[in-house]
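Peer 1: sequence and computational prediction follow.
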Amino acid sequence: MAEERERWGTRLGLVLAAAGNAVGIGNLLRFPSQAAQNGGGAFMIPYVLSLLFFGLPLMWVAWTIGRFGGRHGHTSLPGMFDKMWKNPAAKYLGALGLGLPFIFCLYYTYIEAWCLGYAWFSLTGEYISGPGQTVDLAVFYSEFLGEATSHSYFPGLGTAIVFLFITLGLNIWVLGRGVARGIELLAKIAMPLLFLFCLILSIRVLTLEPVRGSAFDGLNFLWSPDFSALTNPNVWMAAAGQIFFTLSIGFGSMECYASYVREKEDIALAGLTTASTNEFVEVIFGSMIVIPAAAIFFGPAQVETVAKSGTFAIGLISMPEILRSFPAVWFFGTIWYLLLFFAAFTSSVAVCQPVMAFLQEEAKLKRSAAAAIVGLIWLLGTIPVIYFFKYGFFDELDYWAGTVGLVIVSIIEAFLFAWIFGISRGWQELHEGAQLKVPRVFMFIMKYVTPIALLGVFFGWLTQANLSPTPRLIWNVSDRASFPGEFAKTEKDPARLAKAGEIQNSIFDKVRMEGRDLTAWAEVDLKADGSVNILQFSADPHLEEVLTADRLQEWLHLQGYRYELKEGNGPSRPADATIFINIEALHRAPFIWLARIIMVVFLLVFLVMVAAIWKGRQTPKEAVA
Amino acid sequence: MSIGALIFMVTTWSFIIWLTIFSFSRFLSNKKQ
């Protein structure tokens, strides 16, 4: 039997939950990285324009569709689209808006679990080097995720799985409690904490004594305008992409949240408040923590390298490096990762809520049954994400479901709203009960500019597709923890690096030919003068056809691979080391195809469910006709 | 910090802070539903 329709308890709860939906890890890690790489201060010109011409209109479209659907008893996109467009295809287009975000949840929860894990590691001092125990944060991160060939810090994936179970359990618990008692309560606790933690960390970073640079060097790097970047279309794509990701558009979650509002709620203002709160966290706090901290610790010259290293490398390799140099790392490290965890947690429950709502409202399941089903599928779907992470399973889901797929849903939504439902009708619906009158120019923007901008983003991202997966080479120093120095690839000469690349390509060709993973093991003597000697070598016989001890020696030498020791605050100097390395050449193709098959199966399941539910609603006469 | 960076930072932050305060305060003070 269906339960009574859910509603938000308070307006503050609604706006906090909607802001929590939008605010995610990307606000604090992806934004500064993108801004620093795309023109610094000048990035803000396409960024603010994207917000006005692309982000805000889509936010209003989402709130309008959501409230309209909610009024007709629908809390997820299939029902909403079906009400907006009297065409049998509408509900199936809506099914895409259920399946793709749910696939996103499968891997996003894993990121959320990493943040929880790192909060725990900060509290317990796990990533702080001690006497006789060096923590190489890149290896620490790789081992935690199971993509390293060594086991210096983690014996296996057990730790990551424990944090994933906790994270999944918390998500399902919140979803199982419902909208007002679960999601809204979480937002009322997590969002004020998120703001408080941001404020504490910002003050801490800005008041740190300069080491290799000052916090203001970081702000200067981030905000100095490079106007020449504005002539680069990729910078405009990056700005539009950042706005798209940061506002959580295309997930169907904002529509779902909007479906629980009262009929005369001011959704024009609610949409604007959601977007502005998200921008506050992103533009203010997002620029005050990571880049200034990196400038203090690594120096202004290295900030660009940090910014270009990517969201996860910044969050889980560079930031722990910085945080462990802070006094009271157990406090600042813990609140930094709890901050990221809360940002992710409020987003993951939001993205999963449409599936819960679909099972409750359309399939007429009880909330507890819906939560149990969602939890089970979520758990089963996450298992390959964990175990096949090193094969690129995660990245494949992220590209198709979490990037291209979300734009497809947004394109459908934007066209449906402006061209099928009708821009005049949509405009009237948006302003129903609204005190805020959106300037009429946005009617034109919603009808023409936003759909065209979305198509531009879609084709831009589609060109990045890698349809034929390449193998991957991973290798690590065994027992890394016992070496106090750093292992580095120091070669900068492109010709020598290209030769090293040729050796790697010959290994990849062999992997493709054999159609399986190939492994090798070696004892290597690294000398301070830069020479490399292979003392022992053993490899899969097929791999040995292209990678002999001499070839391995040449490969390491071409990369300028060496061991460096650091004394006090002085520069690093090369040193001798005898190491054992394990090499794995991974055949990624089967796992990439498995990811693609799983995505298709997920979408088919949602399509079949929608078909079955709508068929069951037909009157006998309609069914015969 | 360079003047250019300072101008960009202060302008953008001011706009975002104004937008947040404007929308948040109006949303919460709006009793009509």
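Peer 2: Nice, thanks for sending it over.
Peer 1: contacts, neighbours, all on C-alpha from now
Peer 2: OK.
Peer 1: all helices of chain B, in order?
Peer 2: Here chain B has its helices, by DSSP state H, at B:3-29.
Peer 1: so where is it shaky, pLDDT-wise?
Peer 2: Under the criterion pLDDT under 70, the flagged ranges of chain B are B:31-33.
Peer 1: okay, the helix or strand harbouring residue A:413 in PDB with CA atoms only?
Peer 2: Using DSSP states H and E, residue A:413 sits within helix A:405-415. This file holds the C-alpha atoms of helix A:405-415, laid out as PDB (Å, rounded to 0.1, in the frame of the first residue of the first chain):
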ATOM      1  CA  GLY A 405      24.900  10.900 -19.800                       C
ATOM      2  CA  LEU A 406      24.000  13.800 -17.600                       C
ATOM      3  CA  VAL A 407      24.300  16.300 -20.400                       C
ATOM      4  CA  ILE A 408      22.000  14.100 -22.500                       C
ATOM      5  CA  VAL A 409      19.400  14.200 -19.700                       C
ATOM      6  CA  SER A 410      19.800  18.000 -19.500                       C
ATOM      7  CA  ILE A 411      19.400  18.400 -23.200                       C
ATOM      8  CA  ILE A 412      16.200  16.400 -23.200                       C
ATOM      9  CA  GLU A 413      14.900  18.400 -20.200                       C
ATOM     10  CA  ALA A 414      15.800  21.800 -21.800                       C
ATOM     11  CA  PHE A 415      14.100  21.000 -25.100                       C
END
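Peer 1: mind listing what's buried along that helix?
Peer 2: By 16 or more other Cα atoms under 10 Å in any protein chain shown, the buried positions in helix A:405-415 come out as A:405-415.
Peer 1: which single one of those is nearest to residue A:148?
Peer 2: Nearest to residue A:148 among the buried residues of helix A:405-415: residue A:405, at 30.0 Å, using Cα to Cα.
Peer 1: which residue sits closest to that closest one, ignoring its sequence neighbours?
Peer 2: Spatial nearest neighbour of residue A:405, chain neighbours left out: residue A:100 (6.3 Å); criterion: Cα to Cα, 6 or more residues apart in numbering or on different chains.
Peer 1: in a strand, the one you found, correct?
Peer 2: No - using DSSP: H, G, I helix; E, B strand; the rest coil, the assignment for residue A:100 is helix, not a strand.
Peer 1: what is the burial count for it?
Peer 2: 29 (other Cα atoms under 10 Å in any protein chain shown).
Peer 1: now, which of the buried residues of helix A:405-415 sits nearest residue A:603?
Peer 2: Residue A:603 lies nearest to residue A:405 out of these, by Cα to Cα, at 11.0 Å.
Peer 1: so that closest one versus chain B, what's the distance?
Peer 2: Plainly put, residue A:405 is 29 Å away from chain B if you go by Cα to the nearest Cα, to the nearest Å.
Peer 1: which ones are touching the residue of chain A at minimum distance from chain B?
Peer 2: Closest approach between chain A and chain B, counting by Cα to the nearest Cα: residue A:224, at 4.1 Å. Counting by Cα atoms under 8 Å, 6 or more residues apart in numbering or on different chains, residue A:224 touches A:39-42, B:2, B:4-6, B:8.
Peer 1: now it, nearest residue through space, not along the chain?
Peer 2: residue B:5 is the one closest to residue A:224 (Cα to Cα, 6+ apart), at 4.1 Å.
Peer 1: quick one: the residue nearest to residue A:405 and residue A:408 touch, right?
Peer 2: No - counting by Cα atoms under 8 Å, residue A:408 is not a contact partner of residue A:100; they are 9.8 Å apart.
Peer 1: what's the overlap in contacts for the two?
Peer 2: The contact sets of residue A:100 and residue A:408 do not overlap (Cα under 8 Å, 6+ apart).
Peer 1: among the contacts of residue A:224, name the buried ones.
Peer 2: Using 16+ other Cα under 10 Å, the buried members of the contacts of residue A:224 are A:39-42, B:5-6, B:8.
Peer 1: who's in contact with the residue of chain B found nearest chain A?
Peer 2: Closest to chain A within chain B is residue B:5: 4.1 Å, counting by Cα to the nearest Cα. Shown in contact with residue B:5 (Cα under 8 Å, 6+ apart): A:41, A:219-220, A:222-225.
Peer 1: can you check residue A:488 too?
Peer 2: A:560-564.
Peer 1: so residue A:394 is in contact with residue A:107, correct?
Peer 2: Yes - between residue A:394 and residue A:107 there is a contact under Cα under 8 Å: 6.3 Å.
Peer 1: between the two, which contacts overlap?
Peer 2: Contacts common to residue A:394 and residue A:107, judged by Cα under 8 Å, 6+ apart, are residue A:385.
Peer 1: could you look up the SS state of residue A:213?
Peer 2: coil.
Peer 1: burial of it, as a residue count?
Peer 2: By other Cα under 10 Å, 19 other residues sit near residue A:213.
Peer 1: pull out the buried residues from the strand or helix carrying residue A:553.
Peer 2: Element membership of residue A:553 [criterion: DSSP H and E] is helix A:549-558. Judged by neighbour count (16+ other Cα under 10 Å), helix A:549-558 contains these buried residues: A:549, A:552-558.
Peer 1: so can I have CSV of the residues you listed showing distance to chain B and pLDDT?
Peer 2: Listed next are the buried residues of helix A:549-558 as CSV, based on distance: Cα to the nearest Cα, whole Å; pLDDT from 0 to 100:
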residue, distance to chain B, pLDDT
A:549, 52, 96
A:552, 47, 96
A:553, 47, 96
A:554, 46, 96
A:555, 44, 96
A:556, 42, 96
A:557, 42, 95
A:558, 40, 95
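Peer 1: farthest pair in those?
Peer 2: Taking Cα to Cα, no two of the buried residues of helix A:549-558 sit farther apart than A:549 and A:558, at 14.1 Å.
Peer 1: what sits closest to the most centrally placed residue in chain B if chain neighbours are left out?
Peer 2: The C-alpha lying nearest the average C-alpha coordinate of chain B belongs to residue B:17 (Cα atoms, centre = their mean; 2.1 Å). Using Cα to Cα, 6+ apart and skipping residues adjacent in sequence, the residue nearest residue B:17 is residue A:280, 6.6 Å away.
Peer 1: run a quick neighbour tally on the one you found.
Peer 2: So residue A:280, with other Cα under 10 Å, has 22 neighbours.
Peer 1: what sits against it?
Peer 2: If a contact means Cα under 8 Å, 6+ apart, then residue A:280 has B:16-17, B:20 as its contacts.
Peer 1: where along the stretch 201-350 of chain A do the helices fall?
Peer 2: Remark: helices assigned in the stretch 201-350 of chain A by DSSP state H, counting those that start in this stretch are A:215-223, A:233-246, A:253-258, A:267-279, A:286-288, A:290-298, A:300-308, A:311-313, A:319-323, A:329-357.
Peer 1: go through the helix or strand just after the longest one and flag the buried ones.
Peer 2: To tie it back to what came earlier, the one meant is helix A:329-357. Note on helix A:329-357: by DSSP H and E, the next helix or strand toward the C-terminus is helix A:367-387. By neighbour count on 16+ other Cα under 10 Å, the buried set for helix A:367-387 is A:367-368, A:370-375, A:378-379, A:381-387.
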